[in-house]
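Chemist: Model the following, please.
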Amino acid sequence: MDSEFQLLREFDFANATPHLWVFKDSRSPEKFRAFYVQTETDLNQQFKTFVNTEIDRITEHSPYSYIAQTNENSCLTLDPSTTNFSNLKLLVDRLETEHRIDNSNDLKGANGYVVKYISNGVTVYAVKRSTTSWKTSYPRKYINMVFSNGELSGVADNSFSIEKNFDFYVINNVAFIANKRGFESSMKYREAYSQAFTQLQENPSFSNLFSDLEPIIDYVGTNSMQLRRMGVVEEKGIYTSPNFITNLMAVNTARGWGLNFDSENSTIIPCAETTSIILQVLLDHRLMSEITANIYDVPDAVQV
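Modeler: Sure, this is the predicted structure:
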């Protein structure tokens, strides 16, 4: 990841050739429909200027997880082949001249856009989900006006706006995610964590940990953050490690965490009072400082 991150940071956007593609969702196996949009020199220069500013802002990266977050200077890394981006890439790698739009109608209803930056045989794909600023006309209840020569004039405005940032970038086989919400929305990545808890309940390695799953199910409910956390539980799978229950029982006794166990069946007895602690344990987010011996519940953790 570090080498690709350095490659992204050092990419020559100023001398790259940008190609703008817009995409729409599709129910077909391809997932998307994509159209190439011819852009003039001044707009291309603006594409190159603002992406440089954005890349300069991002100085660190960490692995993507369902609960990982970014700050103003960070991004998250992910293998794009695990997302719908692979489908989108096939479309935007086609010959531009054969898929160029003919009129602005093809821009309406776009779910997002990709700017391909090509320089010295290397391509950076910069992807943005469409927002409310992406529109080819204002609603009919508004009159579009322009102030010129000391007066306001009504105009037929078919313009639209592009934000000066991207949700994520792909170079080689690594995605660098600057806006997690935008990435998950455009790539439909939310579906994965929403399904994870259902899969966990059907997995005997997980369900057999408990005397009763209902308190866990009630605690998680349909809360998106709790579903994200259960997705991370499934990914980490620490409950499958050898002697997990035995080790947990010993630590629980030593630290006084208050968890309850059926020692005869070697299962956890969850209840409303202990479910949050159980989730922290399954996330491996109840950690002890080796310096102070203090124990902390942390929202996320990166192994070093």
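
Chemist: How far does the helix or strand that Tyr117 is a member of sit from its chain's centre?
Modeler: Tyr117 is located in strand 112-119, with elements delineated by DSSP states H and E. Computed by Cα atoms, centre = their mean, to the nearest Å, the chain-centroid distance of strand 112-119 equals 18 Å.

Chemist: Also stretch 87-99?
Modeler: 23 Å.

Chemist: what's the answer for stretch 32-41, then?
Modeler: 24 Å.

Chemist: Can you measure across it, start residue to end residue?
Modeler: 28 Å (Cα to Cα, to the nearest Å).

Chemist: ditto for stretch 22-33
Modeler: This stretch, stretch 22-33, spans 8 Å end to end (Cα to Cα).

Chemist: okay, stretch 286-303 in CSV with CA atoms only?
Modeler: Only the C-alpha atoms of stretch 286-303 are listed here, as CSV (Å, rounded to 0.1, in the frame of the first residue of the first chain):
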residue,chain,number,x,y,z
ARG,A,286,-11.3,-3.7,24.8
LEU,A,287,-7.6,-3.0,25.2
MET,A,288,-5.1,-2.5,28.0
SER,A,289,-2.2,0.0,28.0
GLU,A,290,1.1,-1.7,28.8
ILE,A,291,2.3,1.6,30.2
THR,A,292,-0.5,2.4,32.6
ALA,A,293,-2.4,-0.9,32.8
ASN,A,294,-5.6,1.1,32.2
ILE,A,295,-8.2,-0.7,30.2
TYR,A,296,-10.0,1.2,27.3
ASP,A,297,-13.0,0.6,25.1
VAL,A,298,-11.9,2.1,21.7
PRO,A,299,-14.0,2.9,18.6
ASP,A,300,-11.5,1.3,16.2
ALA,A,301,-8.0,-0.2,16.3
VAL,A,302,-5.2,-0.7,13.8
GLN,A,303,-2.8,-3.6,14.6
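
Chemist: which other residues reach it?
Modeler: Ser62, Pro63, Ser65, Ile67, Ala68, Gln69, Arg255, Trp257, Ile277, Gln280, Asp284, His285 (Cβ atoms under 8 Å, 6 or more residues apart in numbering). The C-beta positions use only the backbone N, C-alpha and C, and glycine is treated the same way.

Chemist: With stretch 258-273 instead?
Modeler: So stretch 258-273 is in contact with 208-213, 215-216, 218-219, 245-246, 248-249, 252, 274, 277-278, 281, going by Cβ under 8 Å, 6+ apart.
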